[in-house]
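# take this sequence and fold it.
(chains A and B)
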Amino acid sequence: MVDGATALPGRSVLGGRVPSRAGRPPGRHALRRRAVHLAFLVPALLYLLLFFGYPVVKNVVMAFQEYTTATFYTGEAPWVGWANYAAVIDDPVFSRALMNTGLFTVGSIAGQFTLGLAIALFFHKRFPLSGVLRSLLLLPWLIPMIAASAVWRWILDTDNGVLNRALGLLPFVDGRPAWLTSTSLALLAVVIVNIWLGIPFNATILYGGLQEIPDELYEAGALDGATGARAFWSITMPMLRGVVTVVLVLGVVYTLKVLDVILGLTNGGPANATQTVATLSYHLSFREFDFGMGAALGNILILISLVFAVAYLRLNRRAVDE
Amino acid sequence: MSRTHRSRTALAAAALGPLLLVSACGGSGGTDDTDGAVTELHVVDYYNNDPNKSVWQEVLEGCADEVGVALRRETVPGGDLIAKVLQMSSSRTLPDVLMLDNPDVQQIAASGALTPLDEFGLDPGGISEGVLAASMYEGQLYALQPVTNTLALFYNTEILAEAGVEPPTTWEELKQAAADLTEGDRYGLALSAINTYEGTWQFLPFMWSNGGDEVDIATPEVAEALQLWKDLLDAGSMSQSVVTWSQGDVADQFAAGNAAMMVNGPWNLGTLEAVDGLEYDIVPIPAPTSGADVVSPFGGEGWVIPRTGDDARTALAAEFVQCLTGEAAVTAAAVGTHTVPTDPALAPAVVEQVPQLASFAEQVPNLRARTGQLGPDWPGQATAIYEAVQNALVGGMTPQDALAQAQDG
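Predicted coordinates for the structure are as follows:
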C-alpha cells in the first residue's frame, strides 16, 4: 500500500525532464545526477524488498512445499504443488474457520464502528473533563493484550467470573451463561472483547474526522432547519465519508488477522467454536510444525485481505480525485 | 565538479553506507575456530524458572566438572524452545547438548539434526522400556531421559473425610465420589480438557487404561473413556470450564477448595505445599475396573546431542549426557524438581526423601510413550484427540461420532 505512494514521486525524478531542455543526449553531468537520484531510492527500495517483498514471496513458495522441521536442518523442501491447499481446504475445520472469520470480522467491525462513532459524536460536544475522559478511552491500547485477555478470562469465567456474579444478582436472570466454554456463546464473547479493543481506534479516527467538518456548515444547515438527526445524516455523514471508508477498510484488514485476542481467550475452542483462519494457520505452523500447510492458509487469508486493501486504494484514489 | 554535486554524492554514499555495513555484518560471523582443546560445553534447556532452574544448574555443573569442562548454559522459555532449535538448525549454531521435551525428540531426530547416541556407546542402563520408546527413532537411541513425571489423582483429605468418601480406585467409584463431593460452589473433580496437547495428555491415562490406542481412536475402548468424562460433566461433578482450564488452572481450583479432587502431576507439589491450610494426598488414577492396570503417559525431558560436526566436542557431550543419567545426577534432579527417576531402581532413594512421589514412582514401569507408535506424526493425532474430547464434552456430539470424525479428519 505504501510502496505505490512513495514510488510515484520517484518516477517523475527519473523521468528525465532535465536533459530534454536542449534536446541532445544526456551528458556526463546528467547521468551522474540520475545515478545520485537512484542512489537515494535504493535504501527505500531495499527496505521494501527485504521486509515486504521477501516474506510474501517466501510464503507463497512455502505453500507449494512440504516444509517441515526437517527443512530447517537439511534445507530441503520437496515441491508438492497444490497438495497443501487441497489438504487445508479438505479439512472439515476449514469451512468452520472461514465462517467464524466472517462472523468475527462483521460482528467486531459493526460493534466497534457503531460504538466508536457514538463516542466520537459524544465527545465532539465539549463539556467539562471531556479531554480527560477522551484520553481514558485509549486505555485498551495501553494494556498488553496478554494481560487484558487474562483479565477478560476472569471476568467471563462461568463459575466465579465477575460478570456472572453480577448477573446472578439480577432477579429475572437465571442460569449462568458459559461465556467461554459453550460453543454457542464463545464466539460472541470473543467478539465482545475484540469490540472493546477496537473502540479506541474507531473513536479516535472518527473524532479527528468530525473536527475537520467546518462549523459553518452546521450553522447554515440550522438556518435551513436542519438540526439533530437531519444534520447528522445530511451534513456529518457525507462529510465523514472518506474517514469512514478508511476506518472500515483498515478495520476489516486488522480484524481478519486477529490472533492474540482469540489465542488468549479460547485458543480457538471450545470444539473449534472460535477457530478462525488466522488461528488455524498459527496452529498448523507452530503447533503441528507443518509450515507448508500453515503458509497455504496464510496465503488464503492474505488473498481475502488483499480484496479489501485494493478496495481501500481505489476508494482512496477516488476521494483524492474528488 | 560543482560543489552541489560533490555534496550530493557524499549524501548518497552516506545513505547507502549503513546498508552496506548491515549486509557486511550479516555475511560473516557464526564460525568459531575448532583448534585446541575443548574448554566448555554449550547447553540449552527450558528450565528457566526457579526452583527447577537452579536445581538443574547444580546438576549440570556437577557433570561439567566430572567431564572437565566449563558449562555455558542458556535457558529459554518452554514455548520458545522448538522455534529456537529450528532457528539454530538452519543457522548451524546448535549447542553441544540440548534438552528436548520427550514427545519432540523423534520429530527433531527425524530432521537429521541429532547424533545417534549408540555411536558413542552410551548406556541407557535401567531406564524403563516405555520411556526409551520416546528416545528411539528408527531403531536408534537419540536421547537419554534421567527423570520423568506423570499424572495421578490428588484429593483434599479434609473434604473427603467430612463427606465420608474414600479415594476412588475404579471409574464407578470415581463417578460416585465426584457426585458425592459436589456441593454448592464446589465441584467433585477438576481436570484439564483444554484444546491443547495438555488436554490430550490428561485424557490418555483413561483412554490407554481402558485398552484404547492412539493409532485408531474410533474404537469402543476410547469411546468408553470419553463417555466417562462426559458423564462426569453432565452430572455436574466437574465444571464446564474444564474445556478451557490448563493444568495450572486446575491446580488453582484445587488449591482454592473449588474442587475436591483433581487429575494433575507432581510439578504442583511445591505450590500446593505453600497453600495455607490445604491438606491433600495422592493416589493413582482410578482404573476402569477393580484391579486393572493403569497406563499413563510420561512427561519430562530427554537430553540429546545435536550434530555440530565437531568430533572432539561431541565425544565430550556424550560423556556429559551419560553423567546426567548417573545416580547422583538423577537423585538430585528428582528430589529438587519433584520428578521420579526413569530407572525404577533409583526410585526408592527419591521416594524416601519426598514421600508424595510414591504414587508417581510406582507407575514408572507401566508408563507409555506418546510417540511410541506414531513418532513424528504424533502432533496431528494429539490434535485429533483433544478435538474429539471437546466435541463430545461441549460440542453436542456423542463420543462415538466425535471420535469417528476426528479419526477421519
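# what does the stretch 151-300 of chain A put close to chain B?
A:153, A:157-160, A:178, A:180-183, A:266-273, A:283, A:286-290 (C-beta under 8 Å from any C-beta of the partner chain). For glycine as for every other residue, the C-beta is placed from the backbone atoms N, C-alpha and C.
# filter those residues to the buried ones?
Listed as buried from those are A:153, A:157-159, A:178, A:180-183, A:266-273, A:283, A:287-290; burial here means 16 or more other C-beta atoms under 10 Å in any protein chain shown.
# all strands for the stretch 201-322 of chain A, in order.
Counting by DSSP state E, counting those that start in this stretch, one finds no strands in the stretch 201-322 of chain A.
# so, low pLDDT: which residues of it?
A:319-322 (pLDDT under 70).
# ok, B:Ala315 to B:Glu166 distance?
55 Å (C-beta to C-beta, to the nearest Å).
# of these two, give the one with the bigger neighbour count.
Remark: of B:Ala315 and B:Glu166, B:Ala315 carries more neighbours, 15 against 11, as counted by other C-beta atoms under 10 Å in any protein chain shown.
# check which element follows the helix or strand harbouring that one along the chain.
Element membership of B:Ala315 [criterion: DSSP states H and E] is helix B:311-324. Proceeding N to C from helix B:311-324, the next assigned helix or strand is helix B:327-337, under DSSP H and E.
# what is that following helix packed up against?
With contacts taken as 3 or more C-beta pairs under 8 Å, 6 or more residues apart in numbering or on different chains; DSSP states H and E, helix B:327-337 sits against helix B:52-67, strand B:147-148, strand B:340-341, helix B:347-353.
# go again using 10 Å as the cut-off
Secondary-structure packing of helix B:327-337 (3 or more C-beta pairs under 10 Å, 6 or more residues apart in numbering or on different chains; DSSP states H and E): helix B:52-67, strand B:147-148, helix B:311-324, strand B:340-341, helix B:347-353.
# dump the ones you listed to JSON lines, plus distance to chain A.
JSON lines is the format used below for the helices and strands packed on helix B:327-337 (distance: least, C-beta to the nearest C-beta, whole Å):
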{"stretch": "helix B:52-67", "distance to chain A": "22"}
{"stretch": "strand B:147-148", "distance to chain A": "23"}
{"stretch": "helix B:311-324", "distance to chain A": "16"}
{"stretch": "strand B:340-341", "distance to chain A": "28"}
{"stretch": "helix B:347-353", "distance to chain A": "33"}
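# right, and those - which one's nearest B:Gln373?
Set against B:Gln373 and scored by C-beta to C-beta, the helices and strands packed on helix B:327-337 come closest in strand B:147-148, at 18.6 Å.
# and the closest one, which strands flank it?
Strands that pair with strand B:147-148, judged by DSSP bridges, come out as strand B:340-341 (antiparallel).
# what's in contact with the strand it pairs with?
The contact list for strand B:340-341, computed with C-beta atoms under 10 Å, 6 or more residues apart in numbering or on different chains, reads B:126-128, B:131, B:145-150, B:266, B:298, B:300, B:325, B:327, B:330-331, B:333-334, B:346-351, B:354, B:357-364, B:367.
# same thing but 7 Å
Applying C-beta atoms under 7 Å, 6 or more residues apart in numbering or on different chains, the external contacts of strand B:340-341 come out as B:Val147, B:Thr148, B:Asn149, B:Val330, B:Ala334, B:Ala347, B:Val350, B:Leu357, B:Phe360, B:Ala361, B:Val364.
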